[in-house]
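Novice: Provided below are the primary sequence and the corresponding predicted coordinates.
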Amino acid sequence: MTDQNVQIDAGLLPLRQVWPDELVARYRAAGYWRGETMPAFLRDRAQRFADKTAVVGGAVGNETRLSYAQLWQEAGRIGAGLLAQGLRPGERVVVQLANVPAFITVVCGLFRAGLIPAYALPAHRITEIAHFARKAQASAYVTHALQDGFDYRTLARALRDEVPAVKHVVIAGEAGDGNEEFIALDVLTGDEASLPADPDPQSVAFLQISGGSTGLSKLIPRTHDDYIYSFRASNDICGIDEHSVYMVALPAAHNFPMSSSGWLGALHAGATTVLSPGAGPDAAFPLIARERVTCVGLVPPLALLWSDAATKTPHDLSSLQVMQVGGAKLVPEAARRVVSGMGCKLQQVFGMAEGLVNYTRLDDGEDIVLNTQGRPISPDDEVLVVDDHGNPVPDGTTGHLLTRGPYTIRGYHNDDAANARSFTSDGYYRTGDMVQRRPGGYLVVQGRATDHINRAGEKISAEEIEDHLLAHPAVFDAAVVSIPDDYLGERSCAFVITQGDVPRAAQLKAWVRGRGLAAFKVPDQIVFVDAFGTTAVGKISRRELRAQLREKYLSDLSEQKDS
Ligand code: AMP
Ligand code: DBH
């Protein structure tokens, strides 16, 4: 160990993910964990597929292409450049970039430098970014100047004020203001000889973020061995090989388009990744036609939008072989519409950033593809479906989904309270999902046990939003629930009891937005109530309260419709 490493280890909480020894031996013997690491496989692909296109970005008419050799070289420049700025292997870097090639070159650059990316979504704002930076103990932040109408430099300044430990801010693209306030990604340089040796395959490669059901997002440490297994095995299941062209339409930082099988799977296979600047048909369809895209992953509302647009578009979508849909439940009728509108294979994907990913297989029959959310990747994914007391329920009965396996985490980073809640003493992750298991191990998602809103695949913690509402002086109490929504699947609704000067709904929404949160977390709807309508206030749990409010609201709504 070098002196530098000692220094880092002394200053930062270690990143760890530990499986019991006998399972480590088992996962290795089974060939799941092969000792591959991110930098090592990228180096190998740069040699094997040198001139082949790895990444295509930018809108039609203004595209950038990077070959595998160029990606490796860019990653080396960025990695060495960051070390030259004073960063040391093991330090954590919050990455907040849109679907541009720099997202991939930066992440690969961090891998080459032994730096640990902590991923954020473009929609996140200061409250979330500061939380990730603190929890991860990040010392750097990589973002845009202006992107999609938002000035990320204001966010960078706010972050530096709130979390002074973030000493380095790197801006991709035009830094814009010509001063030395930030480091420009494009001019980073360093000596590639400074790049460290390849990491231990069982060390943590990056921090993914959870949607979070209680309070703020948690950080998910994923190791090289476990994550590479998940996308390498996904490639087989999703039919990704070196001839594939994989489109990232959802945010590239999301676990689904990153690893199921995602752009990392595509890089591992020697395939081409096409980054769509937007998730709608307008941005994606011309790119599919031009690049002959073969596979794309979407959330249900987008899949329906695409299916409808596909029947009318002048663009040639005939290259598309597989549309994957996941992140939220695709109900059977919607699945049918996707199949008939897209004219390609549908693959349902039920996954989580914590690990377990289920797929319907490409050769599964219609019944399975339309009616289930698939079965696990690995023969060694252990799945339990249990009742409220932890006892296994028979197939076909709804229960809580617990899981452990060769690519499911054993604990969150730096969060003892969440770990005590979310993992059993024998290492199962409590997914919070309610499922039924069918013969053959296929899972059908029935709902969930925890209070989060799954808004078109974006998870929102009820508790987190209630806390922000309660901070408003005119809010006496608030309960946030999910309401079924024709387009989004679920939308968020805040029931609010006011005190003093009564605010308008729009003011409360602006208040939440003003708290520096991702826009998708602002309640879609606010309903003012006089009281929470229970005689046992204080005696019932927040969960029961939310459930009661939701039921009453929905039954009032259906009475209104009937009358
Ligand atoms: P996260 O922990 O933020 O990565 O979100 C994962 C959660 O998204 C899962 O635990 C499910 O609640 C939900 N989810 C993902 N895919 C599906 C799907 N195909 N059907 C239903 N829910 C899904
Ligand atoms: O929702 C998710 O988190 C998700 C969905 C599909 C996921 O993490 C995945 C596939 O890997």
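Specialist: Great, that's in hand. Ligands and ions are numbered 1, 2, ... in the order given.

Novice: separation between residue 318 and residue 160?
Specialist: Computed as CB to CB, to the nearest Å, the residue 318 to residue 160 distance reads 49 Å. From N, CA and C alone the C-beta is placed, and that goes for glycine too.

Novice: what helix or strand does the closest residue to ligand 2 within the stretch 251-400 of the chain sit in?
Specialist: Closest contact between the stretch 251-400 of the chain and ligand 2, by CB to the nearest ligand atom, is at residue 351 (2.5 Å). Using DSSP states H and E, the element containing residue 351 is strand 345-352.

Novice: and stretch 341-352, how far from the chain's centre?
Specialist: Centroid separation for stretch 341-352 versus its chain: 18 Å, with CA atoms, centre = their mean, to the nearest Å.

Novice: so between residue 318 and residue 160, which is more surrounded?
Specialist: residue 160 (18 against 11; other CB atoms under 10 Å).

Novice: helix/strand/coil for the nearest residue to that one once chain neighbours are set aside?
Specialist: Once flanking residues are discounted, residue 160 sits nearest to residue 166: 5.9 Å by CB to CB, 6 or more residues apart in numbering. Secondary structure state of residue 166, per DSSP: H, G, I helix; E, B strand; the rest coil, is coil.

Novice: surely residue 484 forms part of a strand?
Specialist: Yes: under three-state DSSP, residue 484 sits within a strand.

Novice: separation between the closest residue to it other than its chain neighbours and residue 329?
Specialist: With sequence-adjacent residues excluded and distances taken as CB to CB, 6+ apart, residue 484 is closest to residue 490, at 6.4 Å. Remark: distance between residue 490 and residue 329 (CB to CB) = 9 Å.

Novice: what do the two both touch?
Specialist: Counting by CB atoms under 8 Å, 6 or more residues apart in numbering, the shared contacts of residue 490 and residue 329 are residue 454.

Novice: residue 421 contacts residue 429, doesn't it?
Specialist: No: using CB atoms under 8 Å, residue 421 is not in contact with residue 429; the gap is 10.9 Å.

Novice: give me the pLDDT for residue 197.
Specialist: Here the pLDDT value assigned to residue 197 is 98.

Novice: that one and residue 17, how far apart?
Specialist: 20 Å.

Novice: now swap in residue 470 and tell me
Specialist: As judged by CB to CB, residue 470 and residue 17 stand 35 Å apart.

Novice: and if you look at residue 453?
Specialist: Relative to residue 17, residue 453 is positioned 29 Å away (CB to CB).

Novice: name the residue in the two with the higher neighbour count.
Specialist: Per other CB under 10 Å, whichever of residue 453 and residue 17 has more neighbours is residue 453, with 27 against 19.

Novice: helix or strand: which one has that one?
Specialist: Using DSSP H and E, residue 453 falls within strand 452-455.

Novice: find the centremost residue of the chain, please.
Specialist: Against the mean C-alpha coordinate of the chain, by CA atoms, centre = their mean, the closest residue is residue 254 at 2.9 Å.

Novice: is it true that that one touches residue 121?
Specialist: Yes: Residue 254 lies in contact with residue 121 (CB under 8 Å); the separation is 7.0 Å.

Novice: got the residues of the protein near ligand 2?
Specialist: Residues of the chain lying close to ligand 2 (CB under 6 Å from any ligand atom) are 255, 256, 259, 260, 326, 327, 349, 351, 352, 353, 357, 457.

Novice: mind checking pLDDT for the fifth one?
Specialist: Looking at residue 326, its pLDDT reads 98.

Novice: skip the chain neighbours and tell me the closest residue to it.
Specialist: Distance criterion CB to CB, 6+ apart; nearest residue to residue 326, sequence neighbours excluded, is residue 349 at 3.2 Å.

Novice: so what sits opposite that neighbour in the bridge?
Specialist: residue 326, residue 359 (DSSP bridges).

Novice: how many residues are close by it?
Specialist: Residue 349, neighbours per other CB under 10 Å, totals 23.

Novice: return the residues in contact with it.
Specialist: By CB under 8 Å, 6+ apart, the neighbours of residue 349 are 256, 260, 297, 324, 325, 326, 327, 357, 358, 359, 373, 374.

Novice: filter the residues you listed down to the ones close to ligand 1.
Specialist: Checking the contacts of residue 349 against ligand 1 by CB under 6 Å from any ligand atom, the ones in range are 326, 327, 373.

Novice: can you pick the most crowded of those residues?
Specialist: Most crowded among the ones next to ligand 1 among the contacts of residue 349, counting by other CB under 10 Å, is residue 327 at 30 neighbours.

Novice: how about the nearest residue to that residue, chain neighbours excluded?
Specialist: residue 457 (3.0 Å).

Novice: next, count neighbours for the closest residue in space to residue 234 that isn't next to it in sequence.
Specialist: Taking CB to CB, 6+ apart, and ignoring the residues beside it in sequence, residue 234 has residue 261 as its nearest neighbour in space, at 3.6 Å. Neighbour count for residue 261, taken as other CB under 10 Å: 33.

Novice: which residues does the closest residue to residue 295 other than its chain neighbours form a beta bridge with?
Specialist: Among residues not flanking residue 295 along the chain, residue 322 sits closest, at 4.6 Å (CB to CB, 6+ apart). With DSSP bridges as the criterion, residue 322 is bridged to residue 295, residue 345.

Novice: does the residue nearest to residue 160 touch residue 159 like I think?
Specialist: Yes: in terms of CB under 8 Å, residue 166 counts as a neighbour of residue 159; the distance is 5.6 Å.

Novice: need the overlap of contacts for these two.
Specialist: Common neighbours of residue 166 and residue 159, using CB under 8 Å, 6+ apart, are 133, 141.

Novice: residue 546 contacts residue 479, doesn't it?
Specialist: Yes: counting by CB under 8 Å, residue 546 does reach residue 479; the two are 5.1 Å apart.

Novice: which residues are common contacts for those two?
Specialist: Shared contacts of residue 546 and residue 479, defined by CB under 8 Å, 6+ apart, are found at residue 462.

Novice: who has more neighbours out of those two?
Specialist: Ranked by neighbour count (other CB under 10 Å), residue 546 and residue 479 place residue 479 first, with 26 against 20.

Novice: that one should be in a strand, yeah?
Specialist: Yes: Residue 479: assigned to a strand according to three-state DSSP.

Novice: surely it touches residue 547?
Specialist: No: counting by CB under 8 Å, residue 479 does not reach residue 547; the two are 9.8 Å apart.

Novice: for the protein, what lies in contact range of ligand 1?
Specialist: So the chain meets ligand 1 at 210-211, 255, 326-329, 348-354, 373, 431, 433, 445, 448, 454, 459 (CB under 6 Å from any ligand atom).

Novice: closest residue of the stretch 151-300 of the chain to ligand 1?
Specialist: For the stretch 151-300 of the chain, CB to the nearest ligand atom, closest residue to ligand 1: residue 211, 2.8 Å.

Novice: from residue 398, how far out is that residue?
Specialist: For residue 211, the distance to residue 398 - CB to CB - is 21 Å.

Novice: and if you look at residue 204?
Specialist: With CB to CB as the criterion, residue 204 and residue 398 are 35 Å apart.

Novice: more neighbours: the two, which one.
Specialist: For residue 204 versus residue 398, neighbours defined as other CB under 10 Å are more numerous around residue 204 (24 against 16).

Novice: now the more buried one: closest residue in space that isn't a chain neighbour?
Specialist: residue 15 (3.8 Å).

Novice: which ones are touching that neighbour?
Specialist: Per CB under 8 Å, 6+ apart, neighbours of residue 15: 116, 203, 204, 207, 221, 413.

Novice: which of those has the largest number of neighbours?
Specialist: Neighbour-wise, those (other CB under 10 Å) top out at residue 207, 27 neighbours.

Novice: the residue nearest to residue 436 when sequence neighbours are not counted is in what secondary structure piece?
Specialist: Residue nearest to residue 436 in three dimensions, not counting chain neighbours: residue 444, with 4.7 Å by CB to CB, 6+ apart. Taking DSSP H and E as the definition, one finds residue 444 inside strand 443-448.

Novice: all set now, cheers.
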